[in-house]
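> Fold the following, please.
(2 chains)
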Amino acid sequence: RKEVEQDPGPFNVPEGATVAFNCTYSNSASQSFFWYRQDCRKEPKLLMSVYSSGNEDGRFTAQLNRASQYISLLIRDSKLSDSATYLCVVMRNQFYFGTGTSLTVIP
Amino acid sequence: DAMVIQNPRYQVTQFGKPVTLSCSQTLNHNVMYWYQQKSSQAPKLLFHYYDKDFNNEADTPDNFQSRRPNTSFCFLDIRSPGLGDAAMYLCATSRDWGSNQPQHFGDGTRLSIL
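Below you'll find the predicted structure:
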């Protein structure tokens, strides 16, 4: 079983829509959780860390459910510039990456 | 200002011709990582340095070597590149090993093999 699993998508949503991504992790000893954004042919960039209490940064909300071993990312009021691949990253003894969820926001 | 800098951004080499990719950081982080990423795949960890301690992933081919002469610099050497080594190579840093701090990535070097 993979350490981190994500729905690869693609998710195609209209501008202004709300979209949610989920990610599951296999090891309950995982310690830290992150969402990264990766544009085509570019490096991953940290979008936000995910805290146990959940956290919000503008239009982005991240949640962690340790009991069910998943994390989520909610994007409200989608913009064209949100189009990218979103990588779920889990840290235990090293950083484990999901394969990413592709989002395209359509005008 | 870029904090993790990779050079070059694009590298073309011939099949079997050694190539070196470089990474430097201004963050003074203890840990530096090299990842290989192919299209539509997750980054794959090749190895990492915790300070001067080198840690190789079990499935990293012997063809891949690394050097970290000081805190700021880390190099990836591919001794005899094959066609399957064409990929994006990402350098990343983190403050410490096993901490809750995220990784910071460089822009990547896109390697092509002729």
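> what ranges do the strands span in chain A?
With DSSP state E as the criterion, chain A has strands at A:4-6, A:11-14, A:19-25, A:32-38, A:44-50, A:55-57, A:60-65, A:70-75, A:84-91, A:95-97, A:101-106.
> actually chain B, not the one I wrote
So, for chain B - with DSSP E - the strands run B:4-7, B:10-13, B:19-25, B:31-37, B:44-50, B:53-56, B:64-67, B:73-78, B:87-94, B:104-105, B:109-113.
> so the last one versus strand B:73-78, what angle?
Put plainly, it is strand B:109-113. Going by axes from the mean of the first three to the mean of the last three Cα atoms, to 10 degrees, strand B:109-113 is angled at 20 degrees with respect to strand B:73-78.
> Tell me which strands strand B:109-113 pairs with, and in which orientation.
Using DSSP bridges, strand B:109-113 pairs in its sheet with strand B:10-13 (parallel), strand B:87-94 (antiparallel).
> quick one, the last one and strand A:44-50 angle?
Taking the same axes, to 10 degrees, one finds strand B:87-94 and strand A:44-50 inclined to each other by 40 degrees.
> quick one: contacts of strand B:87-94?
Residues outside strand B:87-94 that contact it (Cβ atoms under 8 Å, 6 or more residues apart in numbering or on different chains): A:41, A:43-44, A:95, B:3-4, B:6, B:21, B:23, B:25, B:27, B:29-38, B:43, B:74, B:76, B:101-106, B:108-111. For the C-beta atoms, the positions are set from N, CA and C on the backbone; glycine is no exception.
> sorry, back to before: save the strands paired with strand B:109-113 as a markdown table, and put in mean neighbour count and mean pLDDT too.
Output for those, formatted as a markdown table (neighbours: other Cβ atoms under 10 Å in any protein chain shown; pLDDT from 0 to 100):
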| stretch | mean neighbour count | mean pLDDT |
| --- | --- | --- |
| strand B:10-13 | 14 | 96 |
| strand B:87-94 | 24 | 96 |
